[in-house]
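Below: sequence and its predicted model.
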Amino acid sequence: MERIMEVLAAAKQVMRQAGNANQWIDGYPGEQAILSDMEQGGAMVVEDDGEVVAYFAFLPSPEPTYAAIYEGAWLDDTMPYHVVHRMGGVPTAKGIFASAMDYCFKVDPNIRIDTHRDNTIMQHLVEKHGFTRCGIIYLANGHERLAYQKCL
């Protein structure tokens with residue numbers, strides 16, 4: 001847990017330096033979110049030479065906040081899917097997103113991701129890896145997120 005929190009703190013710092021000051025605020029994601037991911041069997045790490053360099057949640061559907069999508073539509077809204085949340089890594093590690101997606105698509109050919117409008121780094125990564133921007137979803141707290149999906 002300690003290393004995961006260090007990795008997420010490093011990722012948060014990168015987000016701030018890139019102009020994303022409004023995502024992952026007020027202590028989020030905290031240990032409780034990570035524990036919940038663990039309880040659901042979806043807490044994932046990426047290692048480089050035995051060192052944890054990234055964390056992400058990989059959880060099966062349904063994702064309640066994806067029930068309604070605005071200004072667009074999901075590519076496929078009939079099949080089960082997995083969702084990726086809370087992805088962050090240390091700035092010195094390269095290829096984290098690609099490694100994570102290689103694993104995810106071996107598990108499920110239908111993946112959804114959402115991100116903050118200010119998170120241009122994540123938007124670039126998901127689009128570079130073939131995800132389609134499908135519309136806008138709203139979190140339980142009412143905050144807007146850009147929603148993406150990729151179906152193999």
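That came through fine.

Can you list the low-confidence ranges for the protein?
By pLDDT under 70, the chain contains no weakly predicted segment.

Show the residue spans covered by the strands in it.
Listed from the start of the chain, the chain has strands (DSSP state E) covering 43-48, 51-60, 82-89, 110-115, 132-138, 144-151.

Please name the strands paired to the fourth one in the sheet, noting orientation.
In the sheet containing strand 110-115, the strands it pairs with under DSSP bridges are strand 82-89 (parallel), strand 144-151 (antiparallel).

just the angle between that strand and strand 132-138, please?
Angle, strand 110-115 to strand 132-138, by axes from the mean of the first three to the mean of the last three C-alpha atoms, to 10 degrees: 60 degrees.

List the buried residues in strand 110-115.
110, 111, 112, 113, 114, 115 (16 or more other C-beta atoms under 10 Å). Just so you know, the C-beta spots here come from the backbone N, C-alpha and C atoms, and that holds for glycine as well.

For the residue lying closest to the first one once chain neighbours are set aside, give me its contacts.
It refers to residue 110. Closest residue in space to residue 110, ignoring its immediate chain neighbours: residue 81 at 4.1 Å, by C-beta to C-beta, 6 or more residues apart in numbering. For residue 81, the contacting residues are 60, 61, 108, 110, 111, 112, 149, by C-beta atoms under 8 Å, 6 or more residues apart in numbering.
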